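K.L.:
mind folding the following:
(chains A and B)
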Amino acid sequence: MARNPHKSVAATVLLVFGYLNLPSRIQADTLTISNSLNANIVALGALSVPGAASLTNTGKVFNTFSGAVSVQYRARTSASGGGNLTLKVTQDFQTGGPSVAGGDLTYVCGAAGLGSACGTSTASTSSATSVVTLPASACTGGGAPCSATDPNSVVVTFSLADRPVVKTGTFTANVQFTISAT
Amino acid sequence: MKNQLFRSSILSTALLLGGGAAQAFAQFAATGTTTVSVAVAPESAIQVNTATTSLTEASGPTIFGAPFTGTTNFAYKIRTTKVGGTGAITVKITADFGAGGPSVTTPPTGDAMTYSCTATSGTACTGPITASAAAATNVATFGTDAHSAAGAAASDSGTVVWSLPNDPIYKTGTYTATATFTISAT
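P.N.:
Next comes the predicted model:
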């Protein structure tokens, strides 16, 4: 069925005319619309670590190897909750090298930007060990009652025993950091 | 045109800043993994446990028949390269006995100070070896992929047993010399 072009033009003109004259027809009025906005703020934790870290020692007289990793983290805990930042060695050094399972790797934490930092601890391949403990109602950034800085950070300094029995060569281990918050 | 360029520039800057902020936080996650690496090199260390070794006449004074003898104890740690590595412990007399007494540098005929060795790893010297003030002399040698005892605090040990002929030509008195031990590993 063919459309009538005259009808279409007329309708368009009427619409334009109506739109242009609209302000004169609006009466002053106040319209209040209430709307509920619900935000479900949950406890959260997130962290960032460098992809690699080297452990070095001074001299060639079996001094302990050491190296530091700066862990950046952001967290929010609930009023009745808390949180933990932990580490676990998910892959030990290769055969002939140092042994995390054998207790060769220890670490100590510097001051934590949020929460309580660990003391000297022995890294483990079988269980996660503490780096930072987060209290209830803890939050990153924005100033009191949250921390002043965003993100927070903590420096973890690793110490690796230099045992004569270890063979020469380069050895690597993977350390997984995990943060949780409730 | 100028305005457009200006707006465009602000927009680009905002995008760059936005991109940077996003990038700074992009690595945040519930977990993160760091690969820890260590380069283990050949190393060696020695500790002389007998700071002063007294050489005494085994048969008592006034006999002359027996040499002065004494034992220096030492502990060491060593790790040599797993392919082609070597190691050594040596000793050198870095300060000779005083005038009128025995001499390592220019001993009277037949009066050279000698020593023999023991070591719990490696190959200890087979005495008697003549001590020298001119060059380091062998105490023990180590081959490729050599390792002293396991444990960060553990070490191997060895001894040097000194023998100094008792020559009537020496004046009475107390004489001291310094023996410097060196350990090396490649």
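K.L.:
C-alpha only now, for contacts and for neighbours.
P.N.:
Noted.
K.L.:
how about residues contacting stretch A:43-51?
P.N.:
A:69-78, A:177-182, B:27-35 (C-alpha atoms under 8 Å, 6 or more residues apart in numbering or on different chains).
K.L.:
looking at the residues you listed, which are in strands?
P.N.:
Of the positions in those, A:69-76, A:177-181, B:31-35 sit in strands, assigned by DSSP state E.
K.L.:
same question for stretch B:65-81, mean pLDDT?
P.N.:
For stretch B:65-81, the mean per-residue pLDDT is 95.
K.L.:
do stretch A:89-103 as well
P.N.:
Mean predicted lDDT for stretch A:89-103 stands at 97.
K.L.:
and the longest strand anywhere in chain B, what does it pack onto?
P.N.:
Determined from DSSP E, the single longest strand within chain B is strand B:68-79. With contacts taken as 3 or more C-alpha pairs under 8 Å, 6 or more residues apart in numbering or on different chains; DSSP states H and E, strand B:68-79 sits against strand B:43-48, strand B:56-57, strand B:156-164.
K.L.:
so residue B:181 is in contact with residue B:90, correct?
P.N.:
Yes. Between residue B:181 and residue B:90 a contact is recorded at 5.6 Å, counting by C-alpha atoms under 8 Å.
K.L.:
enumerate the residues of chain A near chain B.
P.N.:
By the rule C-alpha under 8 Å from any C-alpha of the partner chain, the part of chain A lying against chain B is A:45-56, A:60-62, A:65, A:73, A:161-180.
K.L.:
what about these, which are in helices?
P.N.:
With helices taken from DSSP state H, there is no overlap with these.
K.L.:
show the contacting residues for residue A:159.
P.N.:
A:55, A:64-67, A:105-107 are the contacts of residue A:159 under C-alpha under 8 Å, 6+ apart.
K.L.:
how many other residues sit next to residue A:35?
P.N.:
6 (other C-alpha atoms under 10 Å in any protein chain shown).
K.L.:
that one belongs to a strand?
P.N.:
No. Counting by DSSP: H, G, I helix; E, B strand; the rest coil, residue A:35 is not found in a strand; it is coil.
K.L.:
quick one, phi psi at it?
P.N.:
When read as degrees, to the nearest 10, the backbone of residue A:35 gives phi -140, psi 140.
K.L.:
what does the pLDDT read for it?
P.N.:
Predicted confidence (pLDDT) for residue A:35: 86.
K.L.:
show the pLDDT at residue 5.
P.N.:
Since you didn't name a chain, this refers to chain A. pLDDT for residue A:5: 47.
K.L.:
you looked at the wrong chain, it should be chain B
P.N.:
At residue B:5, the pLDDT recorded in the model is 35.
K.L.:
any weak-confidence spans in chain B?
P.N.:
For chain B, applying pLDDT under 70 flags the ranges B:1-26, B:59-62.
K.L.:
ok, which stretches of it are strands?
P.N.:
Under DSSP E, chain B gives strands at B:31-40, B:43-48, B:56-57, B:68-79, B:87-95, B:114-119, B:123-124, B:129-130, B:137-142, B:156-164, B:178-185.
K.L.:
make a markdown table from these and add mean neighbour count and distance to residue B:108 to it.
P.N.:
Converted to a markdown table, those look like this (neighbours: other C-alpha atoms under 10 Å in any protein chain shown; distance: least, C-alpha to C-alpha, whole Å):
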| stretch | mean neighbour count | distance to residue B:108 |
| --- | --- | --- |
| strand B:31-40 | 20 | 48 |
| strand B:43-48 | 20 | 29 |
| strand B:56-57 | 18 | 19 |
| strand B:68-79 | 22 | 15 |
| strand B:87-95 | 20 | 17 |
| strand B:114-119 | 20 | 13 |
| strand B:123-124 | 18 | 28 |
| strand B:129-130 | 17 | 13 |
| strand B:137-142 | 22 | 20 |
| strand B:156-164 | 21 | 11 |
| strand B:178-185 | 19 | 19 |
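K.L.:
Throw those into TSV and include distance to residue A:95, thanks.
P.N.:
Formatted as TSV, these follow (distance: least, C-alpha to C-alpha, whole Å):
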stretch	distance to residue A:95
strand B:31-40	13
strand B:43-48	19
strand B:56-57	50
strand B:68-79	16
strand B:87-95	23
strand B:114-119	28
strand B:123-124	27
strand B:129-130	40
strand B:137-142	23
strand B:156-164	23
strand B:178-185	22
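K.L.:
list the buried residues in stretch B:165-174.
P.N.:
B:165-167 (16 or more other C-alpha atoms under 10 Å in any protein chain shown).
K.L.:
so which of these reach chain A?
P.N.:
Answer for the buried residues of stretch B:165-174 near chain A: none qualify (C-alpha under 8 Å from any C-alpha).
K.L.:
for chain A, state which of the residues you listed is nearest.
P.N.:
Checking the buried residues of stretch B:165-174 against chain A by C-alpha to the nearest C-alpha gives residue B:165 as the nearest, at 36.2 Å.
K.L.:
give me phi/psi at the closest one?
P.N.:
Backbone torsions for residue B:165, taken as degrees, to the nearest 10, come to phi -50, psi 140.
K.L.:
from memory it sits against residue B:68, does it?
P.N.:
Yes. With contacts counted by C-alpha under 8 Å, residue B:165 reaches residue B:68, the gap being 6.2 Å.
K.L.:
which of the contacts of residue A:159 fall within strands?
P.N.:
Using DSSP E, the contacts of residue A:159 in strands are A:55, A:65-67, A:105-107.
K.L.:
chain B: which of the residues you listed is nearest?
P.N.:
The closest of these, once distances to chain B are taken by C-alpha to the nearest C-alpha, is residue A:55, at 5.1 Å.
K.L.:
which parts of chain B sit against chain A?
P.N.:
So far as C-alpha under 8 Å from any C-alpha goes, chain B lies against chain A at B:27-45, B:77-82, B:145, B:147-153.
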